[in-house]
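**Q** here you go, sequence then predicted model.
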Amino acid sequence: MRKLAIYYTSDTHGHIFPVNYGTGKPENSGLLNIAGEIKKDGNTLVMDGGDSLQGTPLTQYYLSHAEGYDFHPVAEGFNAMELDYFTLGNHDFNFGYDVIRNYLNAMKGQCVCANVEDLRGELRFKKWEVKVLENGMKIGISGAVTEFVNVWEQKEHLTELKVTDPYEAARKALEELKKENCDLYILIYHGGFEEDPATGRKLSETRENLGCMIGRELGYDILLTGHQHIANEKFMLGGTFAVQPPSNASKYIHMDICEKNGFDGIQDEYELCGKNAEIYVKSELRVTGSVHKDEPFGRMTPMEEDVQKWLDEPIGELVEAIEPEAKMDAALYGSKIAAIFNQVQLEFSGADFSCTSLGNDPLGLAKPITIRDICRIYTFSNTVMVLEVTGATLKSSLERVASYFILDENGQPAVSEEFLMPKVEHYNYDFYANMDYEFDLRKPVGERVVKMQKLDGSPIDPDAKYTLVTSNYRATGTGGYTAIGNSEIIRNSTEEMPDLLQAFVKRHTPVPEIKNYKLKVTW
């Protein structure tokens, strides 16, 4: 009986070292720690599902200071893991062609991405590859990234790259792989599931995530997914065995795959599956420990020290500190942090209205502000976009915001399960600025906006056109904001919000409390 072991990560988002950059404290995470846990032989494959180049101050700092270092930190982490195969994630396109090229050139593993076409012809990747293990097993491997790269990404980053339909590309790659008569077929897909893995409930009508369709309709035996950040160590899709690790290199998937013929394991720990040959699979999510690979860790220490010094550079201050805001309190009464984000967007764009969201964790700001503080409260490299919207679009979007709430058995506000399952999505609650608005939670979802007007008291006409500034993430309509996604884009900036925030703080120090909205929620 032949066996294959797989270690799989995805959506590591620049987490190389075991450190939380917002707090400056150690944590059990990071590629270098995972590298210390991998036990590899000739029948082991180490794989990754993309979204690696964006997400931490380390990667942000490196991209601005790359000329000062003779290594690529993300590649160092993956090379320490002895990564064999990986694909690209949507965030890996955030910085343009040359950044992807330099990353791929620094990687020892092979990038497989069947639905990306390189119009310049300099990227080191393949649509598929066959790997023969030491035991003779022949493994066919392909990869694909969500086609929503075309929706989210700035056009100038895609002038030399074409992202096509991942389903069709994966299907064609499988046709080619089957000519090689492989024993097992694996797809690394930077996309998630369009259905709730636990209940089967439809999560989206878009093509952002096609994991269920790919698993059920195509002939891959193993489907390694990502993008959604949902920890899922087992999801059966009509014979295809699918998994997904959470984000930030905090956990990883370990899989044991055995041919059915001669299988002598403990069968209740394994799942019988396979589209091409029957196999037994055991999969588990493992928590990243505290053991790291010493060699790259030591070599990269000077860069890490540079990052820590940079993060603690003061850039300004607040008139008064902002205490951490509980998620429900912020949703009911407004957020001082969100007001700052919205003011940054309004000043930058000159739009009529602004909307923004916050991360999943409570946020506050001390009186002195450092770059670390900015990185902690705004963790993504979102850019700013201005849309032309109608009053009706604003109303529809506010109704979506109001659906965040339910009333519990005591008639008190609680968070709707829709924003908590299958993953926590407090970041899909939007805060508006330059607006006076009110929700009545006693009314049905879709009828809760009982007041919506400009701050000066003038009405917002449902048929009139206005400008709304928001993130490139929200501008796509992601999170249930379909009306926003259907609106015309009239300005698409390349400036990232963390940079705009830093400039805002420097310009307005000491930053007073910002009051650019009125919000009332009744129940």
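**A** Yep, it's here. Numbers count the residues shown, from 1 in each chain.

**Q** for the stretch 101-250 of the chain, give me the ranges with low pLDDT.
**A** Within the stretch 101-250 of the chain, no stretch has pLDDT under 70.

**Q** mind listing the helices for it?
**A** Using DSSP state H, counting those that start in this stretch, the helices of the stretch 101-250 of the chain run over 149-152, 166-178, 211-217.

**Q** any chance of the ones you listed in CSV, plus mean neighbour count?
**A** In short, each C-beta sits where N, CA and C put it, glycine included. CSV is the format used below for these (neighbours: other CB atoms under 10 Å):
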stretch, mean neighbour count
helix 149-152, 19
helix 166-178, 20
helix 211-217, 21
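
**Q** can you add distance to residue 24 and give the ones you listed back as CSV?
**A** Listed next are the helices of the stretch 101-250 of the chain as CSV, based on distance: least, CB to CB, whole Å:
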stretch, distance to residue 24
helix 149-152, 31
helix 166-178, 38
helix 211-217, 36
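
**Q** closest one to residue 256 among those?
**A** Minimum separation from residue 256 across the helices of the stretch 101-250 of the chain (CB to CB) falls at helix 211-217, 19.7 Å.

**Q** for that closest one, packing partners?
**A** helix 166-178, strand 184-190, strand 222-225, strand 232-237, strand 240-244 (3 or more CB pairs under 8 Å, 6 or more residues apart in numbering; DSSP states H and E).

**Q** sorry, back to before: among the helices of the stretch 101-250 of the chain, which comes closest to residue 19?
**A** Across the helices of the stretch 101-250 of the chain, closest to residue 19 is helix 149-152 (CB to CB), at 28.0 Å.

**Q** ok, and what's touching that closest one?
**A** 90, 93, 158, 163, 208, 472, 473, 476 (CB atoms under 8 Å, 6 or more residues apart in numbering).

**Q** how about 10 Å then?
**A** 88-94, 115-116, 146, 157-158, 161-164, 166, 190, 206-208, 382-383, 472-473, 475-478, 485 (CB atoms under 10 Å, 6 or more residues apart in numbering).

**Q** turn the buried ones among the residues you listed into a named ChimeraX selection, would you?
**A** Listed next is the ChimeraX selection for buried residues among the contacts of helix 149-152, using 16 or more other CB atoms under 10 Å:
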select :88,89,90,91,92,93,94,115,116,146,157,158,161,163,164,166,190,206,207,208,382,383,472,473,475,476,477,478,485
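
**Q** what about the contacts of helix 149-152, which are in strands?
**A** Per DSSP state E, strands hold the following members of the contacts of helix 149-152: 116, 161, 162, 163, 190, 383.

**Q** contacts only, for the last one.
**A** It refers to residue 383. Counting by CB under 10 Å, 6+ apart, residue 383 has contacts 94, 152-154, 471-473, 475, 492-497, 499-500.

**Q** could you do the third one as well?
**A** Remark: with contacts taken as CB under 10 Å, 6+ apart, residue 162 is in contact with 115, 116, 117, 118, 119, 149, 150.

**Q** can you redo these as CSV with distance to residue 392?
**A** Listed next are the contacts of residue 162 as CSV, based on distance: CB to CB, whole Å:
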residue, distance to residue 392
115, 36
116, 38
117, 39
118, 42
119, 40
149, 30
150, 27
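
**Q** most centrally placed residue in the protein?
**A** residue 227 (5.5 Å; CA atoms, centre = their mean).

**Q** touching, that one and residue 190? I think so.
**A** Yes: if you go by CB atoms under 10 Å, residue 227 and residue 190 touch, sitting 5.4 Å apart.

**Q** need the overlap of contacts for the two.
**A** Shared contacts of residue 227 and residue 190, counting by CB under 10 Å, 6+ apart, come down to 10, 11, 49, 50, 51, 89, 90, 91, 145, 146.

**Q** sticking with the second one, tell me its helix or strand.
**A** Right, the one you point to is residue 11. Using DSSP states H and E, residue 11 is not contained in any helix or strand.

**Q** how about it, what does it touch?
**A** 48-52, 55, 89, 91, 190, 192, 226-229, 244-249.

**Q** again, 7 Å this time
**A** 49, 51, 89, 226, 227, 229, 247 (CB atoms under 7 Å, 6 or more residues apart in numbering).

**Q** same question, the fourth one
**A** Contacts here follow CB under 7 Å, 6+ apart; on that basis residue 50 touches 10, 86, 87, 88, 89, 92, 145, 190, 226.

**Q** confidence score at it?
**A** If you check residue 50, the pLDDT there is 98.

**Q** and it, backbone torsions?
**A** Main-chain torsions, residue 50, degrees, to the nearest 10: phi 90, psi -180.

**Q** how far away is it from residue 61?
**A** 21 Å (CB to CB, to the nearest Å).

**Q** who does the residue lying closest to residue 155 once chain neighbours are set aside bridge with?
**A** Using CB to CB, 6 or more residues apart in numbering and skipping residues adjacent in sequence, the residue nearest residue 155 is residue 492, 7.5 Å away. Bridge pairing for residue 492 (DSSP bridges) gives the partners residue 385.

**Q** so residue 113 sits against residue 88, correct?
**A** Yes: counting by CB atoms under 7 Å, residue 88 is a contact partner of residue 113 at 5.2 Å.

**Q** which neighbours do the two have in common?
**A** Counting by CB under 7 Å, 6+ apart, the common neighbours of residue 113 and residue 88 are residue 145.

**Q** my guess is residue 284 contacts residue 256, does it?
**A** No: using CB under 7 Å, residue 284 is not in contact with residue 256; the gap is 9.0 Å.

**Q** give me phi/psi at residue 292?
**A** With angles defined as degrees, to the nearest 10, residue 292 sits at phi -130, psi 160.

**Q** so what's the residue count around it?
**A** By other CB atoms under 10 Å, 22 other residues sit near residue 292.

**Q** same check on residue 493?
**A** Residue 493, neighbours per other CB under 10 Å, totals 17.

**Q** that one against residue 384, yeah?
**A** Yes: counting by CB under 7 Å, residue 384 is a contact partner of residue 493 at 4.8 Å.

**Q** buried ones in stretch 437-456, by neighbour count?
**A** 437, 438, 439, 441, 448, 449, 452.

**Q** could you do stretch 103-118 as well?
**A** Within stretch 103-118, the residues that qualify as buried are 103-104, 106-107, 109-116, 118, counting by 16+ other CB under 10 Å.

**Q** ok, stretch 393-403 next?
**A** 393, 394, 396, 397, 398, 399, 400, 401, 402, 403.

**Q** any idea which of these is closest to residue 19?
**A** Nearest to residue 19 out of these is residue 401 (CB to CB; 34.4 Å).

**Q** so where's this protein uncertain?
**A** The chain contains residues with pLDDT under 70 at 265-267, 381, 494.

**Q** longest helix of it?
**A** Identified as the longest helix of the chain according to DSSP state H is helix 294-311.

**Q** following that helix, which helix or strand shows up next?
**A** Sequence order places strand 314-317 as the next helix or strand after helix 294-311, per DSSP H and E.

**Q** and that following strand, how far out from the chain middle?
**A** 29 Å (CA atoms, centre = their mean, to the nearest Å).

**Q** likewise stretch 399-407?
**A** Using CA atoms, centre = their mean, the distance between the centre of stretch 399-407 and that of its chain works out at 24 Å.

**Q** same question for stretch 372-382.
**A** The answer for stretch 372-382 is 14 Å, by CA atoms, centre = their mean.

**Q** most distant residue from the middle of this protein?
**A** The chain, farthest from centre, CA atoms, centre = their mean: residue 262 at 40.8 Å.

**Q** who touches it in this structure?
**A** Residue 262 is in contact with residue 1, counting by CB under 7 Å, 6+ apart.

**Q** what distance do you get for it to residue 185?
**A** Distance from residue 262 to residue 185, by CB to CB: 21 Å.

**Q** could you list every residue that touches residue 463?
**A** Residue 463 is in contact with 390, 391, counting by CB under 7 Å, 6+ apart.

**Q** offset the numbering so it begins at 16, please.
**A** In the new count, where the first residue is 16, that last one comes out as residue 478.
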